[in-house]
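# Below are the sequence and a predicted model; questions follow.
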Amino acid sequence: MNNKVINEEVQMEIMHIGVPVKTPQEHEEYAEGLKVHIAGPETNPMQFEYLRFEADTPMHKDIVENVHIAYKVDKLDDYLSVHEVLCAPMEVNDELTIAFIKMDGVVVEIMEFK
């Protein structure tokens, strides 16, 4: 599967598709600060990441209610400056920072690896 997308001069790699769900999924992990249970995408052959949000999650409504596509990008700032930011950059660990934006009406997670 070729998961690279060329967008003018920018190359982005598709990492997963985030799918909000209402029922518990196998292999869920809990992200306490975001109040979301996450399963996959490494356990799913289609690279689906299942997200089960708690009612009081601090995440933006559009992230909670819509499917999103996650892309690996070179620099988050290239996207944050020109798209509506739904969730400001957050450090997942020492090697990964993510943010959520709205691009052409679609929720997109952008991922910058160090």
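Cool, the structure landed.
# which residues in this protein form strands?
4-7, 10-20, 29-31, 36-39, 48-53, 68-72, 84-93, 96-103, 106-113 (DSSP state E).
# So for the last one, what gets flagged as buried?
By that I understand strand 106-113. Buried residues in strand 106-113, counting neighbours by 16 or more other C-beta atoms under 10 Å, are found at 107-112. C-beta here means a position set from N, CA and C on the backbone, and glycine is covered the same way.
# neighbouring strands for that strand, and are they parallel or not?
strand 68-72 (parallel), strand 96-103 (antiparallel) (DSSP bridges).
# Do me a favour and get the end-to-end distance for stretch 54-70?
21 Å (C-alpha to C-alpha, to the nearest Å).
# pLDDT (mean, whole number) over that stretch?
Averaged over stretch 54-70, pLDDT sits at 97.
# Kindly report the same for stretch 83-97.
For stretch 83-97, mean pLDDT rounds to 95.
# ok now it, how far from the chain's centre?
A distance of 9 Å separates the centroid of the chain from that of stretch 83-97, by C-alpha atoms, centre = their mean, to the nearest Å.
# Other residues contacting that stretch?
Stretch 83-97 has contacts (C-beta atoms under 8 Å, 6 or more residues apart in numbering) with 59-60, 62-63, 76, 80, 98-103, 107-108, 111-114.
# Which residue comes closest to Lys72 once chain neighbours are left out?
In space, and not counting its chain neighbours, Lys72 is closest to Glu13: 4.3 Å by C-beta to C-beta, 6 or more residues apart in numbering.
# returning to that earlier point: put the buried members of the contacts of stretch 83-97 into a ChimeraX selection.
Selection command for ChimeraX covering only the buried members of the contacts of stretch 83-97, criterion 16+ other C-beta under 10 Å:
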select :59,60,62,63,76,98,99,100,101,102,107,108,111,112
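# sorry, back to before: figure out which of the strands paired with strand 106-113 is closest to Gly33.
Smallest distance to Gly33 across the strands paired with strand 106-113 (C-beta to C-beta): 12.8 Å, for strand 96-103.
# Give me the angle between the closest one and strand 10-20.
90 degrees (axes from the mean of the first three to the mean of the last three C-alpha atoms, to 10 degrees).
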